[in-house]
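S.K.: prediction below, plus the sequence it came from.
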Amino acid sequence: MAGYIEDRWYKKDAQGKRTVPTERCNQGKRYRVAGVPGVRDRSFDKVTGVGGAKAWLAKAQHESTRGEFIDPRDGNILLREYVEDHWWPDQDYADPITSMTIKGKVWNHILTHLGSKPLNGIKTPQLRAWLKTLNAQLGAGTVNDVWGALSAILQAAVDDERITKNYCRSQKTVRPPTRPEPRASAWTRDRVLAVRASIDPRVQLMVDLGVGAGLRQGEVFGLAPGDVDHEAQVIHVQRQIKKVGSKLVYALPKGRKTRTVPVAAHLLVRVSEHLERWPAKAVELPWGDPDEEGTEKELKERAPRTFELLFTAAQGGAWRRDYFNDVFWKPALEAAGLIDPPEVSKRAIAGRPGRFRTVRRYAENREMGFHSLRHTFASVQLDARESVVSVSKWLGHADPSITLRIYAHMMPEADGRGRTAMQNWFEGPPKKISPAAPRGVEAPRSGADSAPGAEVVVDGEKVPVPA
């Protein structure tokens with residue numbers, strides 16, 4: 001097989017023994033393995049000896065023949081260097097916010113702790129210590145995301161033939177915490193009406209669209225009158241407004257999926273009333289990404305677009321999420337008695353000595369966010385026994401399983417209907433139960449069973465069918 005071991009210190013004499021010193025005798029490493037196709041030369045010192053060189057040669061020859069050779073020296077690169085120079089430049093995210101989020105997690109929670117370690121030095125002990133640190137600082141969901149990001153980096157290093165194993169994937173004893181199951185909380189009708197009554201009339205329709213069509217906040221901000229089809233009684237959700245860094249942009253809805261949502265006639269009337277009082281205004285924003293650098297194709301895709309929006313801020317521009325939440329939404333929650341008053345402080349105004357501005361800071365409360373209106377929409381639909389597939393489509397979920405995972409606890413009478421079905425099974429031949437029948441009532445089958453005087457079961461008791 002190709003490959004050989006060179007002794008750099010001694011050459012053979014006339015009898016074939018290595019006794020003749022070379023010019024490099026006692027300088028540098030003595031043995032050099034060379035000549036293996038696709039494998040860089042490697043030198044071994046006196047301590048490792050010819051035995052180490054022979055073992056390396058055999059391994060390199062075998063793995064090179066099978067096309068599986070990975071030089072461990074390539075894994076000596078520091079994790080930070082590999083990420084910054086090789087992995088991150090190759091990442092291409094369609095959503096700039098996703099890119100910023102992932103970059104933040106990698107730099108803040110991975111490179112901060114593991115960046116000074118070589119790729120081939122990130123194994124079980126290092127992962128165990130790192131995970132202990134993360135668990136003490138972050139929530140289970142964030143730890144799970146960060147672990148996944150490191151696993152992606154190490155797997156790329158495996159694919160780049162820098163390391164032979166991704167220890168994040170092969171772990172049995174060290175694993176990230178389980179991601180907590182999402183559990184949505186719907187609002188009562190009285191709560192929704194209380195918030196609507198407390199909020200500025202200019203944005204009351206936002207509340208209606210959140211609870212009446214399940215729109216996300218950014219989708220409400222990006223809604224245009226042309227997206228509302230009064231004749232078909234539907235709303236076409238085609239864009240949202242997002243903040244990338246400090247700039248606003250138009251973008252496709254979450255998951256890059258447009259959708260159509262059926263809406264009640266009452267909501268369409270409110271849309272018309274809103275437009276009569278506050279006509280739509282045209283707003284121009286970049287599409288997707290405000291970055292002014294990129295390829296010609298990217299810059300063309302990001303070119304500013306103009307849409308007439310149902311809602312515009314006081315100066316005629318698009319709404320900013322943080323401004324809306326702090327100035328309109330949270331004060332309405334406070335007025336409705338749903339959250340505590342904010343902490344009030346004074347903050348000096350830069351460049352204006354002796355002048356201060358009042359800062360109102362509300363405590364964080366995810367259950368009281370605008371997204372709760374969307375949860376309420378889903379709750380009403382599921383309580384009306386709309387199919388999970390339909391509700392998933394209207395919400396814009398990628399898959400109905402996501403809808404089930406989030407909203408299964410909102411589905412009505414799941415245990416009661418199942419209990420009734422099993423009771424009927426035990427009592428005799430199964431009888432068809434109409435989903436439209438009241439709980440505990442068997443639907444009359446046909447003929448004599450449905451005639452006056454026949455009996456049906458109501459909450460376990462037989463009662464006659466009224467004439």
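M.R.: Yes, it's here.
S.K.: name the helix or strand for Val192, please.
M.R.: Assigned by DSSP states H and E, Val192 falls within helix 189-198.
S.K.: ok so Ile5 is a helix residue?
M.R.: No - per DSSP: H, G, I helix; E, B strand; the rest coil, Ile5 lies outside any helix segment and is strand.
S.K.: the nearest residue to it once chain neighbours are set aside and Glu23, how far apart?
M.R.: Among residues not flanking Ile5 along the chain, Ala53 sits closest, at 4.9 Å (CB to CB, 6 or more residues apart in numbering). Glycine gets a C-beta too; all of them are placed from N, C-alpha and C. From Ala53 across to Glu23, the span is 20 Å (CB to CB, to the nearest Å).
S.K.: out of the two, which sits in the more crowded spot?
M.R.: Ala53 (23 against 7; other CB atoms under 10 Å).
S.K.: helix or strand right after the helix or strand hosting that one?
M.R.: Using DSSP H and E, Ala53 sits in helix 49-66. Counting by DSSP H and E, the next helix or strand C-terminal to helix 49-66 is helix 79-82.
S.K.: max-length helix in the chain?
M.R.: The longest helix of the chain (DSSP state H) is helix 140-159.
S.K.: rewinding a little: confidence score at the residue nearest to Ile5?
M.R.: Listed pLDDT for Ala53 reads 74.
S.K.: I'd say it and Lys29 touch.
M.R.: No - look at Ala53 against Lys29 with CB atoms under 8 Å: they stay out of range, at 9.6 Å.
S.K.: residues that sit against both of the two, list them.
M.R.: Common neighbours of Ala53 and Lys29, using CB atoms under 8 Å, 6 or more residues apart in numbering, are Phe44.
S.K.: who's in contact with the residue lying closest to Arg169 once chain neighbours are set aside?
M.R.: Distances taken as CB to CB, 6+ apart place Ser151 nearest to Arg169, at 6.0 Å, with adjacent residues excluded. Residues near Ser151 by CB under 8 Å, 6+ apart: 166, 168-169.
S.K.: can I get those in JSON lines including pLDDT and neighbour count?
M.R.: Output for these, formatted as JSON lines (pLDDT from 0 to 100; neighbours: other CB atoms under 10 Å):
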{"residue": "Asn166", "pLDDT": "90", "neighbour count": "19"}
{"residue": "Cys168", "pLDDT": "91", "neighbour count": "20"}
{"residue": "Arg169", "pLDDT": "86", "neighbour count": "10"}
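S.K.: and which of the residues you listed is nearest Arg357?
M.R.: Minimum distance to Arg357 across those is 47.3 Å, recorded for Cys168 (CB to CB).
S.K.: which helix or strand contains Val283?
M.R.: Short version, using DSSP H and E: Val283 is in strand 281-285.
S.K.: let me fix that, I meant to ask about Arg347.
M.R.: Applying DSSP H and E, one finds Arg347 within strand 343-348.
S.K.: what does Glu273 give?
M.R.: Going by DSSP H and E, Glu273 is part of helix 265-277.
S.K.: where in the stretch 351-467 of the chain is pLDDT low?
M.R.: For the stretch 351-467 of the chain, applying pLDDT under 70 flags the ranges 410-423, 425-426, 429-467.
S.K.: what about the helices in it?
M.R.: For the stretch 351-467 of the chain, the helices defined by DSSP state H, counting those that start in this stretch occupy 371-383, 388-395, 400-407, 414-427.
S.K.: tell me which of the ones you listed sits most buried.
M.R.: Among the helices of the stretch 351-467 of the chain, helix 371-383 has the highest mean neighbour count (mean count of other CB atoms under 10 Å), at a mean of 21.
S.K.: ok, residues contacting that helix?
M.R.: Contacts with helix 371-383, where a contact means CB under 8 Å, 6+ apart, come from 184-187, 192, 207, 210-217, 388, 390-391, 394-395, 403, 406-407, 410-412.
S.K.: then it to PDB, C-alphas only?
M.R.: Output in PDB follows, covering the C-alpha atoms of helix 371-383 (Å, rounded to 0.1, in the frame of the first residue of the first chain):
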ATOM      1  CA  HIS A 371     -51.300  37.100  21.300                       C
ATOM      2  CA  SER A 372     -53.900  36.100  23.800                       C
ATOM      3  CA  LEU A 373     -56.500  37.400  21.400                       C
ATOM      4  CA  ARG A 374     -55.300  34.800  18.900                       C
ATOM      5  CA  HIS A 375     -55.600  32.100  21.500                       C
ATOM      6  CA  THR A 376     -59.200  33.200  22.200                       C
ATOM      7  CA  PHE A 377     -60.000  33.000  18.400                       C
ATOM      8  CA  ALA A 378     -58.700  29.400  18.400                       C
ATOM      9  CA  SER A 379     -60.600  28.600  21.600                       C
ATOM     10  CA  VAL A 380     -63.900  29.800  20.100                       C
ATOM     11  CA  GLN A 381     -63.400  27.900  16.900                       C
ATOM     12  CA  LEU A 382     -62.500  24.600  18.700                       C
ATOM     13  CA  ASP A 383     -65.400  25.000  21.100                       C
END
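S.K.: by how many degrees do that helix and helix 388-395 diverge?
M.R.: Computed by axes from the mean of the first three to the mean of the last three CA atoms, to 10 degrees, the angle separating helix 371-383 from helix 388-395 equals 150 degrees.
S.K.: distance between helix 371-383 and the chain's centre?
M.R.: Mean-position distance between helix 371-383 and its chain equals 21 Å (CA atoms, centre = their mean, to the nearest Å).
S.K.: and for stretch 100-115?
M.R.: Distance, centroid of stretch 100-115 to centroid of chain: 17 Å (CA atoms, centre = their mean).
S.K.: does Gly49 touch Trp9 like I think?
M.R.: No - the criterion here is CB under 8 Å, and Gly49 misses it with Trp9 at 12.0 Å.
S.K.: those two - which one has more neighbours?
M.R.: Trp9 (18 against 12).
S.K.: what sits against that one?
M.R.: Here Trp9 is in contact with 21-22, 24-26, 30 (CB under 8 Å, 6+ apart).
S.K.: I'd like to know which of those are buried.
M.R.: Neighbour counting with 16 or more other CB atoms under 10 Å marks Arg30 as buried within the contacts of Trp9.
S.K.: can you put the contacts of Trp9 in JSON lines and add distance to Trp329, pLDDT and secondary structure?
M.R.: Converted to JSON lines, these look like this (distance: CB to CB, whole Å; pLDDT from 0 to 100; DSSP: H, G, I helix; E, B strand; the rest coil):
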{"residue": "Pro21", "distance to Trp329": "84", "pLDDT": "83", "secondary structure": "strand"}
{"residue": "Thr22", "distance to Trp329": "81", "pLDDT": "84", "secondary structure": "coil"}
{"residue": "Arg24", "distance to Trp329": "76", "pLDDT": "82", "secondary structure": "coil"}
{"residue": "Cys25", "distance to Trp329": "81", "pLDDT": "86", "secondary structure": "coil"}
{"residue": "Asn26", "distance to Trp329": "78", "pLDDT": "80", "secondary structure": "coil"}
{"residue": "Arg30", "distance to Trp329": "74", "pLDDT": "79", "secondary structure": "coil"}
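S.K.: ok but Arg183 is inside a helix, no?
M.R.: No - counting by three-state DSSP, Arg183 is not part of a helix but coil.
S.K.: for it, give me its contacts.
M.R.: 406, 409.
S.K.: for it, give its distance to Glu367.
M.R.: Between Arg183 and Glu367 the distance is 10 Å, computed by CB to CB.
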